[in-house]
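1. What follows is a predicted protein model with its sequence.
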Amino acid sequence: MRTDLETLQSLGTKAREVKDYDPAILETFSNAHPERDYWVTLTATEFTTLCPKTGQPDFAELTIRYIPDAKLVESKSLKLYLFSFRNHGDFHEDVVNIIFDDLWKLMEPKYLEVAGKFASRGGISIDPYVNGGKDDEHKLLAAKRFGDWKGVR
């Protein structure tokens, strides 16, 4: 029986109100298969954040893909964390890098990538992408995927 799930506070409870960006919302649970590389892909189709200058909302499809090591992110806590950007102002490029940094610090995965496909504003869409690997093997994967990433719709 798993005992690591007892520490999860978001899962199975009523969602708490999220007012602003808060990485402390994020929770993890242990990886039952740390000896194996496998992909976890999480897609937030209704991600929103605010322009730091105008306060206008920006909408995106956000994709988080990683190869876990010892820990995985708990999905409800991730949802609440992503909701915390709704009242937070940062440029698209900053948001993607902040999410990457928070998840990297939280999980210390073997590999992680975060991509945002933001809705067009003024005829221009911005699609930032960031990735990274933990060890030599996964750093090579990061370099290859970064080179292959097109960022096109």
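-> In hand now; what should we look at? This one's a predicted model, so the numbers in the text were calculated from it and none came from an experiment. Numbering: from 1, shown residues only.
2. Identify, by residue count, the longest helix of this structure.
-> helix 92-107 (DSSP state H).
3. what does that helix contact?
-> Identification of contacts with helix 92-107 by CB atoms under 8 Å, 6 or more residues apart in numbering yields 21, 23, 26, 28, 49, 58, 60, 62, 64, 66, 68-69, 71-73, 81-82, 85, 90, 109, 112-116, 118, 126, 128-132. Bear in mind the C-beta positions are built from the backbone N, C-alpha and C, glycine included.
4. quick one: which of those residues sit in helices?
-> 81, 82.
5. all strands for the chain, in order.
-> Ranges of strands in the chain, per DSSP state E, are 28-30, 40-50, 57-67, 71-73, 111-118, 129-133.
6. Go through these and pick out the most buried.
-> Across these, averaging neighbours per residue (mean count of other CB atoms under 10 Å) puts strand 111-118 on top, at a mean of 23.
7. Who are the packing partners of that strand?
-> Judged by 3 or more CB pairs under 8 Å, 6 or more residues apart in numbering; DSSP states H and E, strand 111-118 is in contact with strand 57-67, helix 92-107, strand 129-133, helix 136-148.
8. Using CSV, write out every CA atom in that strand.
-> In CSV, the C-alpha atoms belonging to strand 111-118 read as follows (Å, rounded to 0.1, in the frame of the first residue of the first chain):
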residue,chain,number,x,y,z
TYR,A,111,14.0,15.6,-18.6
LEU,A,112,11.4,18.4,-18.7
GLU,A,113,9.9,20.6,-21.4
VAL,A,114,7.3,23.3,-21.3
ALA,A,115,5.7,24.8,-24.5
GLY,A,116,3.1,27.5,-24.8
LYS,A,117,1.0,28.1,-27.9
PHE,A,118,-0.5,31.6,-27.1
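9. between the lowest-mean-pLDDT helix or strand in the chain and strand 57-67, what angle do the directions make?
-> Lowest on mean pLDDT, DSSP states H and E among the helices and strands of the chain sits helix 136-148, with a mean of 91. Angle of helix 136-148 versus strand 57-67, following axes from the mean of the first three to the mean of the last three CA atoms, to 10 degrees, is 140 degrees.
10. relative to strand 111-118, how tilted is helix 136-148?
-> Going by the same axes, to 10 degrees, helix 136-148 makes 20 degrees with strand 111-118.
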